[in-house]
Structures are given as structure tokens and as C-alpha cells.
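# Sharing a model that was predicted from the sequence below.
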Amino acid sequence: MKKLFLFFLVPLIFSLADDAEVQAAPDFTLEDVDGNTVCLDSLLADGPVFMSFWALWCKMCIKELDALKPYYDEFDSLGINLLAISVDKARSVPQVKPFASSHKWKYVVVLDPEDILRDLYSVQAMPSSFIINQDKKIIFSHMGYKPGDEELIIEKMRELSDEGHDESGE
Amino acid sequence: MNQASKILIFFCIFDFLVAADIRISGANKAEYWVFVDEGLDSLNYKEHLTEKLKLSASYDDITLRGVFFFWDPSIAVPGSLQYFDFTAQYKKAPVSVLYGTYYTTFGRGLCLNQFLDEDFNNDNSLFGLKADFEFYNSRLTLLTGKPRNIFFEELAYSIKNDTTDQIRGANLETKIPISKERVNIVAAIAGRYVRINRASDIWPTAFTELYGGNIGLTVGPWEGYFEYGQHMGTNPVIGGRLKGEGYLFTTGLAIPGLGVSCQYIDYEDIGFGGPGYRYNEPVTPIKSGVSVNRGIDEIGYGATVIASPFDFFSLELSNNKISTHDPSMEIFEEIVVLDDGMDGVLEQIAKLITHPSYDMEITAGFERVIKQGIELPIEKKTETKPYLDVTYDFGAFFIETGYEHTFVSSDTSDYYDHAISFSLGRPELFVLSVRYERRSRTPPDWLIPKLGEETSWPMVELSLDLTRRNNLRIRVGAEKGGLICSGGVCRFEEPFKGVKLVLTSMF
């Protein structure tokens, strides 16, 4: 019983912080599968950033990225940068680029074999996705994926692009 | 410095930083199991609590991270395990300096591969100092650290390498962009050195060194990579100087709708560590994660093709093999053939995914795995598994159903396992899954102490999204256990009958 009590206690304390949605996004510089340097600051200069953490072994991660694939061009034209962060270890890195291409993903596929970004964003479950606005704030985060969850992500990205247009007076 | 002092110092610094403009984030995973143990007479159930809390605070160029881990089983032996890891890092281009617990891999891991596999509960860390310097498309890494391997097997966590080993290493990588015009052409070259000493040793052995390097070339959609490693150490048991080598070659082609990846491995005493652990974890080409002896005597290849010519259709074919060497064979034959004189694994996978409509996905697959000398005392075991999964999304809900049938043929007996599963879910809310698995035979007497007498394993699982960043999974039922592997590391998972609660949070 003591163990069961402890099981619920610690997460309860930390879940109190759950409503604090808007947080500063930590900076990062990593490489994509083509060897290009990907830096958060440079991306934000072009527009907001959506990133989803995935791995070759994670079936639901792949389903999420496949489900968002038809919306890539829409969000790209709105200036949103879409990143797929692969947390596959060094041993699996050679398979990442062929896999992403075979799925016709247009996302920038970033490699994070040493979990640098995964630690910075405290990713505990896969997939986990984040939307970062141009003020470098995380305005949305989501853990896990079930078919249909992509609707919420799409809605958030459309809201973000609408806000951007309102601010620019378009 | 004892555990309590470390925690106190970490939180004092943490508390100080709270006053400043910093970003604090964290994640938590708590697992509570209560399960039946037939081996206990008076109290026939056990409890198991695992708590892993990660906290991270970033301020300007400084990041502090802490991981608190606590495992409390209900039995006195092996007893509980708890630790507190911390990392302090200063990072401002072109320099990064880190002190504390860290993970790192040189190249693809022939010389050094210290990594964390959280899903497999395999934690290979280093504690010490690491510095990175970047200059002219190059990166120099210098490190020193004490390795620690925490591994979960047979329902218990343990530290596998209870030694006084110390690792020092240097890695220099350079990238040479050749062309960015019509085709992106990049060459890469790297060299590395790793030295392992023991601070104290009952039977003093010579220190161990690993040298290596790699070259890589990317030309548009094509990529080639070759890594070499050499191991200079002491021969176990017999003593004397040991010299080992390892080669790894990978190549891949990535064009929209088609992905091809191939690899070739050849290891002769490159794997270095001790019983059950390695400081370099040589790559296995087997997708299900099996290796033969983790870099001691292995040769093999892997080839995977994934083609999606149409948006509604995707086909994956994979053929992979790893085995011990057989000097009586020609080199090509030795790479591709698994004959009776070798220990090894041959894996063949075919998977077809199709979307007859926008709302429906059908996956049909076939997997065949031959294991020789891997699951001793079974000499040879062949598993052939056809399976089918269907997912249908009808707006507010989705359903997923699947069936798999595994024919098992071994030198002791032939039998089959089959399983049916059904899930109902609602986006952003829950997934309720039911699975029933059955085996066509009772285990032979010599396997009962390990696998139990069960021939069926029913299971119900509810996954609840409490909020977007808090998930609770409740699993009630039985799991059959067996050998599971990841990245060449295998463990025997005991059969399970009971309840598992897993609460995952991100904040």
C-alpha cells in the first residue's frame, strides 16, 4: 500500500505545474540527415517550429508523422518549420534517412542519437510533440499519439498562423 | 560525497536559479506492479515500485540536470536501488564543457558506445568530465569518466560492471563540404582513441586501448560509411596481449518513395567489457536486436528495402544475418550463409501496409527468424510469424484489431503461439485494449521453472490521457515472458501475472 501511495504522490506534485503551458524553449543546434546544421534560432527567424520526437521502432510515432504528412505543404506555405527529431541511437542512424524518404516525408529530419534534445525538452514518452512560437515560447506540447490526435496539432498550428497574420495586419 | 549531499547541493543551486529567469522542465515515470509469485510460500505476491524523476534547469548558457531513480521491490534480495545523477553543462559555441553523468558514442560505437536505452532499461553512463570544441567544420571531443551499466533482468535492477574501470577518450571528426551546387556532396573523416584503466585490480592486467576511425561520403541521395576499430587488451583467463579488430560498412539510398539500407559487419575480439556488459556495443544487423556474442566473433550483413510507389501502398523487405566466423568458407559465403557449424541468427521480414480508404490501414506481415546456439540448451529454433493488423478510424473513435500466428520449430519440439488483439480508442482520451495469447503445448518439464506452466495469457490494458502531458496505463493480466533483445543486448523476461500501473508525466 505504501508503494501505491508513493506511486501517485510524486507525479501528483509535479502535475500541479501542468497548467504552466507557456515555457521558454531551450536552444539547440543539431544536424539533420543531410549533414546540415539545424539551429532553433535560425528556424525561428523564418517562422514558428513544430517538432515531433520519433524513432524507427516507435509505431505510433510513425503513424503520427504519416497522419500529418498531407498537411506539410499547407504549414510550410504558412512559414511553419516542421521537424521530425529522430532519437534513434548511433547504430540505427544509417536507416533513418532511407526510412524517412520511403515514407515521402518532407519534414526536416534531425538526428539526436545522444538524446541531447530529448533531455532538453524532457521527453519521457514517444512520440512527444511541441509547437514553438517566434517569441521562443513552447505554446503547445503533447505526449503520445492515437489516431485522431493529429486534429488538435493541426488546429493549434492553424491558430498560430492566424495569430501571425493578425499581428502582421494581413 | 554521499547521496544526500549531492541532492542537497543540486537543489540549492536549483533553488537559487529559480529566482532568476530560467527555464525549468521535467518528466516523471512511475511504475507500480503487483504480481503473483508461485515460488513464495507465505506471501504469494510481490510488489515493485520504480520512480524516475528528471529535472532540468537552463539559464543562459548553463544547464543543470538531475535524475532521481528509486526502485523498491517487495523482497529483501537483491534489495532496493536508488541513485541521484546530475549534470552541469556550460555550452556556448564553439565550446561545451560538461561535468557529471553523460552518454556518448564515438562514430557508430566500435570504440566507445555509452548510451541510454530507456525503453529496454539499459543505462550505460559515464560519470566525469567531457569537453567539445568546434572549429572549421570539425569537432574535437575529450572525455574522462567512470562507466556504470544499470540493467534490468529477471525482475531486478543491478549494476553489471561493479569495477574500478576508468575511461579516457578523444575523438576528432571533420566534415568536408565538396559541393552544394547541383548535388550535395559531403565527405567526413574521423579518428579516435579510447583507453580503459582500472584504478585497482586484484589481478593486475595491462590497460586496454581501442583505436579507430571512419570515413563517410554523401552524394545526393546516396550515402556510404566505413568504420574501423582496433582493440589492444589482455586476453581473458589465459592472459597475454590480445589484439582484436572490427569493421562496419553501411550504405543507403534515399529517394522519395524508396529507401534502401545495407550494412556489413565483421568483428574479431572488438567487443570490450566484461560478463554481460560492453563499453563499446558493436552494431548488430538484426532488427529484433539479437547478437551472438557482442563483438567477440561475429560476421554478418543486413539489407532493407522500403518502397512506397503509391500513397496507399508501402512494402518493406528485410534480410539480415549475423553469425560466428567459419574459416572453412569463402568470405562471401561466410557473410551470407548460416550453416550448421555456426552460432547465429537469420532474420527475414516482409511487411505490406495499405490504405484502402483514408480511414483504414491494413498491415500484413511475415517474419521468419532462425536462431542457432542463441537460446541454449535449444540448439536450433525457427520462428515463422504471419500477422495481420487493421486500424479503422471512424471520427470520434478508432478501432484496431490484429491476429498473429507464430509457428515454432525447435530441436526439442514443434508448437505454435497465436494471439488476437482488439483496441478501441478515442483521440485525446483513452485506448482500451484486450489481448489473448495461447500456446499449443505445455512447456517441457525442464522449462517449467523458467517459463511456468501457463499456456494462455489474457490481458486487458487501459491507457488514459489524464491531460495532454499526463498518461496513466493500467494493465491487468498475464505476459508470457521469454528472450527479448535490443541493440545486441538480450535479457530473459520472466512470465508475469498481475497488475501494472505506469504513470508518465511531462512538465
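Now that the structure is in, tell me what you want to look at.
# When you work out contacts or count neighbours from here on, use the C-alpha atoms and nothing else.
OK.
# mind listing what whichever residue of the stretch 101-250 of chain B sits closest to chain A touches?
With Cα to the nearest Cα, the shortest gap between the stretch 101-250 of chain B and chain A falls at B:Arg108, namely 5.1 Å. With contact set as Cα atoms under 8 Å, 6 or more residues apart in numbering or on different chains, B:Arg108 has these partners: A:Ala90, A:Arg91, B:Glu227, B:Pro282, B:Val283.
# hey, what's the nearest residue to B:Ser74 once chain neighbours are set aside bridged with?
Sequence neighbours aside, B:Glu47 is the residue nearest to B:Ser74 in space, at 5.0 Å (criterion: Cα to Cα, 6 or more residues apart in numbering or on different chains). B:Glu47 has these beta-bridge partners by DSSP bridges: B:Val34.
# thinking again about what came up before, doesn't the residue of the stretch 101-250 of chain B closest to chain A belong to a helix?
No: counting by DSSP: H, G, I helix; E, B strand; the rest coil, B:Arg108 is not found in a helix; it is coil.
# picking that back up, who wins for most neighbours among the contacts of B:Arg108?
In terms of neighbours by other Cα atoms under 10 Å in any protein chain shown, those top out with B:Pro282 at 30 neighbours.
# Does that one belong to a helix, a strand or coil?
Under three-state DSSP, B:Pro282 comes out as coil.
# The residue nearest to B:Ser74 is in contact with B:Trp33, isn't it?
Yes: contact between B:Glu47 and B:Trp33 holds when scored by Cα atoms under 8 Å: they sit 5.5 Å apart.
# out of those two, which sits in the busier spot?
B:Trp33 (22 against 19).
# Excluding sequence neighbours, find me the nearest residue to the more buried one.
B:Lys500 (4.4 Å).
# Which residue ranges of chain A form helices?
For chain A, helices defined by DSSP state H occupy the ranges A:2-15, A:40-46, A:59-68, A:72-77, A:93-102, A:116-120, A:150-168.
# right, so those helices: which one is the most enclosed?
helix A:93-102 (a mean of 24; mean count of other Cα atoms under 10 Å in any protein chain shown).
# Okay, and B:Cys485 sits in which element?
Assigned by DSSP states H and E, B:Cys485 falls within strand B:482-486.
# same question, B:Val183
B:Val183 belongs to no helix or strand, assigned by DSSP H and E.
# same question, the one 3 residues further on
Secondary-structure assignment from DSSP H and E places B:Val186 in strand B:185-198.
# Whether stretch B:409-423 contacts chain A - can you check?
No: shown here: stretch B:409-423 not in contact with chain A (Cα under 8 Å from any Cα of the partner chain), separated by at least 11.1 Å.
# Just give me how far that stretch sits from the chain centre.
Centroid separation for stretch B:409-423 versus its chain: 25 Å, with Cα atoms, centre = their mean, to the nearest Å.
# tell me the contacts of A:Leu30?
A:Thr37, A:Val38, A:Cys39, A:Val110, A:Leu111, A:Asp112.
# what sits against the fifth one?
Same thing as A:Leu111. Taking Cα under 8 Å, 6+ apart as the test, what A:Leu111 contacts is A:Leu30, A:Glu31, A:Asp32, A:Val33, A:Ile85, A:Ser86, A:Val87, A:Asp88, A:Val93.
# Output the residues you listed as CSV; include the columns pLDDT.
Shown next, in CSV, are those (pLDDT from 0 to 100):
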residue, pLDDT
A:Leu30, 92
A:Glu31, 92
A:Asp32, 92
A:Val33, 92
A:Ile85, 97
A:Ser86, 97
A:Val87, 95
A:Asp88, 94
A:Val93, 93
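# If we only consider those residues, which is nearest to chain B?
Nearest member of the contacts of A:Leu111 to chain B, counting by Cα to the nearest Cα, is A:Val93, at 8.5 Å.
# related to what we said a few turns ago, output the contacts of B:Arg108 as a markdown table; include the columns pLDDT.
Shown next, in a markdown table, are the contacts of B:Arg108 (pLDDT from 0 to 100):
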| residue | pLDDT |
| --- | --- |
| A:Ala90 | 90 |
| A:Arg91 | 90 |
| B:Glu227 | 98 |
| B:Pro282 | 92 |
| B:Val283 | 93 |
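# Dump those to JSON lines, plus distance to B:Arg468.
Shown next, in JSON lines, are the contacts of B:Arg108 (distance: Cα to Cα, whole Å):
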{"residue": "A:Ala90", "distance to B:Arg468": "30"}
{"residue": "A:Arg91", "distance to B:Arg468": "32"}
{"residue": "B:Glu227", "distance to B:Arg468": "42"}
{"residue": "B:Pro282", "distance to B:Arg468": "38"}
{"residue": "B:Val283", "distance to B:Arg468": "36"}
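# Of the residues you listed, which is the nearest to B:Ala57?
Ranked by distance to B:Ala57 (Cα to Cα), those are led by A:Ala90 at 26.6 Å.
# Return the residues in contact with that closest one.
Counting by Cα under 8 Å, 6+ apart, A:Ala90 has contacts A:Pro113, A:Glu114, B:Thr105, B:Gly107, B:Arg108, B:Gly109.
# if I read this right, the third one contacts A:Glu114, doesn't it?
Yes: counting by Cα under 8 Å, a contact exists between B:Thr105 and A:Glu114, whose distance comes to 7.5 Å.
# okay, and the common contacts of the two?
A:Ala90, B:Phe115.
# Next, find the distance separating B:Ser291 from B:Gly365.
23 Å (Cα to Cα, to the nearest Å).
# Mind checking which of these two has more residues around it?
The neighbour count for B:Ser291 versus B:Gly365, taken as other Cα under 10 Å, is higher for B:Ser291 (27 against 19).
# so what's that one closest to, chain neighbours aside?
Nearest one to B:Ser291, counting by Cα to Cα, 6+ apart, is B:Gly488 at 4.5 Å.
# Run a quick neighbour tally on that neighbour.
20.
# Who are the contact partners of it?
B:Glu281, B:Pro282, B:Val283, B:Thr284, B:Gly289, B:Val290, B:Ser291, B:Val292, B:Arg294.
# So A:Leu78 is in contact with A:Asp162, correct?
No: if you go by Cα under 8 Å, A:Leu78 and A:Asp162 don't touch, sitting 9.4 Å apart.
# lowest-confidence helix or strand of chain A?
helix A:2-15 (a mean of 67; mean pLDDT, DSSP states H and E).
# Show me which residues of the stretch 201-350 of chain B sit near chain A.
Residues of the stretch 201-350 of chain B lying near chain A (Cα under 8 Å from any Cα): B:250-261, B:283, B:306-308.
# if we go to 7 Å?
Applying Cα under 7 Å from any Cα of the partner chain, we find that the stretch 201-350 of chain B lies next to chain A at B:250, B:252-261, B:283, B:306-308.
# Please apply the same query to the stretch 351-500 of chain B.
Near chain A, when you scan the stretch 351-500 of chain B using Cα under 7 Å from any Cα, you find B:Asp393, B:Phe398, B:Pro427, B:Glu428, B:Arg468, B:Arg469.
# Out of the residues you listed, list just those in strands.
Members of these lying in strands (criterion: DSSP state E): B:Asp393, B:Phe398.
# can you put the residues of the stretch 351-500 of chain B next to chain A in JSON lines and add pLDDT and neighbour count?
Output for those, formatted as JSON lines (pLDDT from 0 to 100; neighbours: other Cα atoms under 10 Å in any protein chain shown):
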{"residue": "B:Asp393", "pLDDT": "89", "neighbour count": "18"}
{"residue": "B:Phe398", "pLDDT": "94", "neighbour count": "20"}
{"residue": "B:Pro427", "pLDDT": "89", "neighbour count": "19"}
{"residue": "B:Glu428", "pLDDT": "86", "neighbour count": "22"}
{"residue": "B:Arg468", "pLDDT": "85", "neighbour count": "17"}
{"residue": "B:Arg469", "pLDDT": "87", "neighbour count": "21"}
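# of all of the stretch 301-450 of chain B, which residue lies closest to chain A?
B:Pro427 (5.1 Å).
# Pretty sure that residue sits against A:Lys146.
Yes: counting by Cα atoms under 7 Å, B:Pro427 does reach A:Lys146; the two are 5.6 Å apart.
# Can you show me the strands along the stretch 51-200 of chain B?
Using DSSP state E, counting those that start in this stretch, the strands of the stretch 51-200 of chain B run over B:62-73, B:81-92, B:95-102, B:104-106, B:112-114, B:116-117, B:122-135, B:138-153, B:156-159, B:165-179, B:185-198.
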